[in-house]
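Visitor: pasting a predicted model and its sequence here:
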Amino acid sequence: MISVLITGASRGFGLALARELASRQNISRVFATARGNSPALNELAQQSPDRVVVVKLDVTNQESIKKAAAEVEGNLGGKGLDILINNAGVCQYSFGGVKSMDNLEESFTINVMGVHWVTREFLPLLQKGTLKKVANISTTMGSITLARAAAALPSPPYKISKAAMNALTVQYALEYEKEGFSFIALCPGVCTTTLVRSMI
């Protein structure tokens, strides 16, 4: 049976993914994390009390991440975590162009540092797991090759931070492949979420 942790599961893609995983018979536990209270996530946990565990986790706060990791470790009862899905993210805009960016640091804190901090903290549990898989939710807007196709979207902080997250994913993949880990940057495509609606 498989255990999974998803960050940013309070709404949108993260919440939908938590719902889908909770419905799978081969999934024993879904740790669905959120920064604050999420009625929709709480409802999911009530519907699947033996399968979905809501964990408070703020990816910008290292102490919050440490507490979340300790809570998950206790819940697993000595077993490892099989899959980590770094989904929490933010899409910010710079309507004056790249030179006008004043929110790049915040984008990096959430989309890059947050992924690094969460991965680092949960790595010991993943090393004890059987699957050793980490999926970092990305976007084609973080692709250098496809940059021109997304040039019209005024979100350079998002594009730049996701490109950096892709590079972070590669570094983790190279360093931990000998331990049997699979690290991937995964683009789920266009989904009807609050984040996507803000772009159109």
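Guide: Okay, I see it. Because the structure is predicted, anything quoted here is derived from the model rather than measured.

Visitor: could you find the closest non-adjacent residue to residue 54?
Guide: residue 45 (4.9 Å; Cβ to Cβ, 6 or more residues apart in numbering). Where you see a C-beta, it was placed from the backbone N, CA and C, and this is true even at glycine.

Visitor: flag every buried residue along the helix or strand harbouring that neighbour.
Guide: Taking DSSP states H and E as the definition, residue 45 sits inside helix 39-47. Within helix 39-47, the residues that count as buried by 16 or more other Cβ atoms under 10 Å are 41, 44, 45.

Visitor: tell me the helix or strand right after that helix.
Guide: strand 52-56.

Visitor: and the longest helix for this protein?
Guide: Taking DSSP state H as the criterion, the chain has its longest helix at helix 156-176.

Visitor: okay, now residue 113: neighbour count?
Guide: By other Cβ atoms under 10 Å, 18 other residues sit near residue 113.

Visitor: tell me if it really is in a helix.
Guide: Yes. Assessed by DSSP: H, G, I helix; E, B strand; the rest coil, residue 113 belongs to a helix.

Visitor: wait, which of the buried residues of helix 39-47 is closest to residue 88?
Guide: Comparing the buried residues of helix 39-47 against residue 88 with Cβ to Cβ places residue 41 closest, at 12.9 Å.

Visitor: quick one: residues contacting that closest one.
Guide: Residue 41 is in contact with 9, 10, 11, 15, 18, 32, 34, 54, counting by Cβ atoms under 8 Å, 6 or more residues apart in numbering.

Visitor: could you redo the last one with a cut-off of 6 Å?
Guide: 9, 10, 32, 34, 54 (Cβ atoms under 6 Å, 6 or more residues apart in numbering).

Visitor: understood, closing this out.
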